[in-house]
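# got a sequence here, can you build the structure:
(one chain, ligands or ions: 2)
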Amino acid sequence: MNYIENLKNGNINLNEPVLLFDDGEEQIYWVGSSENFIFRCNAYLVRMPGVNVLIDPGGIQHFDQVRKRVSEVINPSEVTHIVSHHQDPDVAGSIPLWLKENPELTVVTTPRTKVLLPYYGFDRNGVKWLDVSTMDDTILKGNKKGFGIQFLSAPFLHFPDAFASYDIRSGFLFSGDIFAAIQQEWELVVTDWERHKIEMMYFHIYYMASNKATRYFANKLRPYRIEAIIPQHGSIIPKEFVPNAIEFLEELKCGIDLLEGTNYLDILD
Ligand SMILES: [Fe+2]
Ligand SMILES: [Fe+2]
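Numbering: from 1, shown residues only. Ligands and ions are numbered 1, 2, ... in the order given. Next up, the predicted model:
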């Protein structure tokens, strides 16, 4: 069951993992930071048969609270995979600490991100990697048919070799910095699309490369059954607003589109 609709305006205890999806065989939890900050960081745990995937685990300073939330679901040493949608410190800084919990875990990322991650302080040759292909054909499979995560390349959004993750069972799109928002007042699930669109705009106009890049990725998403968009910053976008969010990305002017003669903030008027 997709619990996201039930979490709108809900009284949610962010000091505990928040269950977003559970169909009896797969569970997805929010396990992010409860820090009250406009750049709040989300992390997620996906449990499916034989596999426990931690998505964008976050910075070093958030490790203790993310670990605490994970430990309320599984033993942290049972995390089998970490997905790192790109190499920024707010996404990936804690990876060395997770590798201490389980040196056998696999880091899932793109080749150009893989080059950079070991600079957080681990041995690139001592780690298992799953390389995400630009052909979008990399799938992390559970131990049972019908369970898995497909990885979709998202060039220049915002890292040249960024990607997003589509969970086949739930239909959730883990989007990294894409569809992220900068919010004075954070809520776990978007309730007011018009307000949220502005909050997303504040993030995207600076970070994302250009409309060519956002349109390419928006078109890539069209064939997928997307039940929710789950970003690394800002609120979760529930199913009712998914078409609006894809349209937002398709029409967005950002990055180098605004390089000449445009005050970036004019676009918000
Ligand atoms: Fe980033
Ligand atoms: Fe980020």
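
# buried residues, stretch 182-189. List them.
I182, Q183, W186, E187, L188, V189 (16 or more other C-beta atoms under 10 Å). No exception for glycine: its C-beta is placed from N, CA and C like everyone else's.

# can you tell me the SS state at the second one?
State at Q183, reduced to three classes by DSSP: H, G, I helix; E, B strand; the rest coil: coil.

# pLDDT at it, what is it?
At Q183, the model reports a pLDDT of 92.

# surely it and P231 touch.
No. Using C-beta atoms under 8 Å, Q183 is not in contact with P231, being 11.1 Å away.

# from the buried residues of stretch 182-189, pick the one nearest I168.
V189 (21.9 Å; C-beta to C-beta).

# still on that earlier bit, make JSON lines out of the buried residues of stretch 182-189 and add distance to T109.
Formatted as JSON lines, those follow (distance: C-beta to C-beta, whole Å):
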{"residue": "I182", "distance to T109": "25"}
{"residue": "Q183", "distance to T109": "27"}
{"residue": "W186", "distance to T109": "27"}
{"residue": "E187", "distance to T109": "29"}
{"residue": "L188", "distance to T109": "26"}
{"residue": "V189", "distance to T109": "27"}
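
# farthest pair in the residues you listed?
It's I182 and V189 that sit farthest apart of the buried residues of stretch 182-189, by C-beta to C-beta, at 17.0 Å.

# once you drop chain neighbours, what's closest to N15?
S34 (6.1 Å; C-beta to C-beta, 6 or more residues apart in numbering).

# what about that neighbour, is that helix, strand or coil?
coil.

# any figure for the gap between the residue nearest to S94 when sequence neighbours are not counted and ligand 1?
What sits nearest to S94 in space, not counting adjacent residues and going by C-beta to C-beta, 6+ apart, is F63, at 4.2 Å. Distance, F63 to ligand 1, by C-beta to the ion, to the nearest Å: 18 Å.
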